[in-house]
Structure formats: structure tokens, C-alpha cells
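# Quick one, structure for this:
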Amino acid sequence: MTINILLVEDDERLAELTAEYLAKNDMSVAIEPRGDTAEARILAEQPDLVILDVMLPGKDGFEVCRAVRQNYRGVILMLTARDEDFDQILGLEMGADDYIAKPVQPRVLLARIKALLRRLPSAEAPAGESEKLVFGQFEISQSTRSATLNGYSIDLTTAEFDLLWLLANHAGNVLSRDDLLQELRGIGFDGLDRSIDARISRLRKRLNDDSESPTRIKTVRGKGYLFSKHDWN
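Reported below is the predicted structural model:
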């Protein structure tokens, strides 16, 4: 099955080289050079994945990501010009599924894309892993990649669902940032990466968890995060 990608990048030469490389790996890539026109294309075309640069004419990548996130269910991979916490966390808060700093080696970009696409809704649950988990009034399904709380559907990005499913599937156990990053992105925790923290914060809001004293996704100081088996009524 051909993977459809929309590359939003205003550097014409870089966009062409990236598109050529991905095309050699059985991916169909369309190029959009402007942020203010990218929004309509993303919503109309619904590509499997959007590679979204931050610095764009017309509208920056953060604005585009925020504008389309609610009605676009595919994957958003943001390209940041600087490897800074602010850019990374802001992108995640806007709804990006992952980020990667420029300049990026084509092989690294391809590996990150493949890792993200493996978690699309069509992906099957790993062998031996339950497809549905229930905790009181909270339910999460791997097969439909959906979650409900008190009967209401929870709006989750691809990355948020993956993190929530991983935590719920290990309910009652503490998972470190290194555990979570290794599983979700295939990289170790370098002591600086705040992407997991940003997603945990977003999940707590979606799950009506108290950010000051969370009981559903708990912070275990110096160790990591714990998904509670209780407190879901």
C-alpha cells in the first residue's frame, strides 16, 4: 500500500531531494511550500502523514498544526530548525505526533516516518497484548485506537493514544522516561527531552486529572509515571 505524504517545506531544493528519497522507498510525496495554503490541503487530502516545517511563509508550522489537528487524524511530524526544548514542546502542545531537528539525515527521517506509520489505526495489536482495557468508567481499545471516559469519546492524537495505551497496558507499574521513549520512539532518554512530560500534561487534561495532584497518571518522583488501576469512577 502506497503511503501518501504531504511535505510542507519552502526550501524548494530540500523539498525536492526529500521527496525523491522518500519516493524511492515506496512513498508518494506531494510538496506544499506555504503554510497559509497547507492547512486547506491537509484537511482536503487527508494524507497519511504530514512533514511540517516550522518556518514557513504565510503561516508558521505551529499555527498550521494547531489549526488542522482537530479534523486531521493522520500523523504530523514537525521539523524544527533548532534542537531547543521550546520548539519541541510547543509543537507537541499544538498536536504534533513527533518532531525532528534540522538538518536531518534522510535515513533518520525515513526511520522516524516508518516508526510513526506503524502506529496508524490499521496497525494490529502486538501478539499477546490485550486489545481492550477497562478501568472503571475508562475504556481504551487498541483495535479501534479509541478511548472513552464516562461514556464520552476522548479526542487523542496518534502520539497521545500510543502513550496512553502503553501506560494503561502497564497499569500499576512505574514506567521511566527512558522506558517510554525507547518503546515509542526507539531512542533513550538524554536527560533533556521533555516530549514525554508534555504529552503526559496533555493526557491529564483530557482525562480530567488534577494537574497539581494527579491520581490517574501519577508522577513517581525520580522514577517516572504510573497509570493507576483505580480512580476511574
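
# center of this protein, which residue is that?
Geometric centre of the chain, nearest residue: residue 97, 2.0 Å, by CA atoms, centre = their mean.

# Residue 226 - how many residues pack around it?
Other residues lying near residue 226 total 19 when counted by other CB atoms under 10 Å. Where you see a C-beta, it was placed from the backbone N, CA and C, and this is true even at glycine.

# What residues does it make contact with?
Contacts of residue 226 were listed using CB atoms under 8 Å, 6 or more residues apart in numbering, and they are 167, 172-175, 217-218, 220.

# again, but for residue 53
Residue 53 touches 8-11, 61, 78-79, 102, counting by CB under 8 Å, 6+ apart.

# Quick check on those: which are buried?
Restricting the contacts of residue 53 to buried positions leaves 8-10, 61, 78-79, 102, with burial counted as 16 or more other CB atoms under 10 Å.

# Out of the residues you listed, which comes closest to residue 16?
Minimum separation from residue 16 among the buried ones among the contacts of residue 53 (CB to CB) is found for residue 9, which lies at 9.4 Å.

# helix, strand or coil for residue 226?
The three-state label for residue 226, taken from DSSP: H, G, I helix; E, B strand; the rest coil, comes out as strand.

# partner residues bridging it?
Residue 226 forms beta bridges with residue 174, residue 218, as assigned by DSSP bridges.

# quick one: it and residue 73, what's the gap?
With distances taken as CB to CB, to the nearest Å, residue 226 is found 29 Å from residue 73.

# can you check residue 23 too?
Distance of residue 23 to residue 73, computed by CB to CB: 24 Å.

# And residue 207, by the same measure?
Taking CB to CB as the criterion, residue 207 is separated from residue 73 by 20 Å.

# So which of these two has more stuff around it?
When residue 207 is set against residue 73 and neighbours are counted by other CB under 10 Å, the residue ahead is residue 207, at 17 against 14.

# Let me see the domain layout of the chain.
3-117, 132-227 (automatic domain parsing).

# and these as CSV, adding distance to residue 233 and mean pLDDT?
Written out in CSV, the entries for these read as follows (distance: least, CB to CB, whole Å; pLDDT from 0 to 100):
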stretch, distance to residue 233, mean pLDDT
domain 3-117, 28, 88
domain 132-227, 4, 88
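
# which of those is buried the deepest?
Burial among the domains of the chain, expressed as mean neighbours by mean count of other CB atoms under 10 Å, is greatest for domain 3-117, which shows a mean of 18.

# So what would you say the end-to-end distance of it is?
The stretch domain 3-117 measures 9 Å between its terminal residues, going by CA to CA, to the nearest Å.
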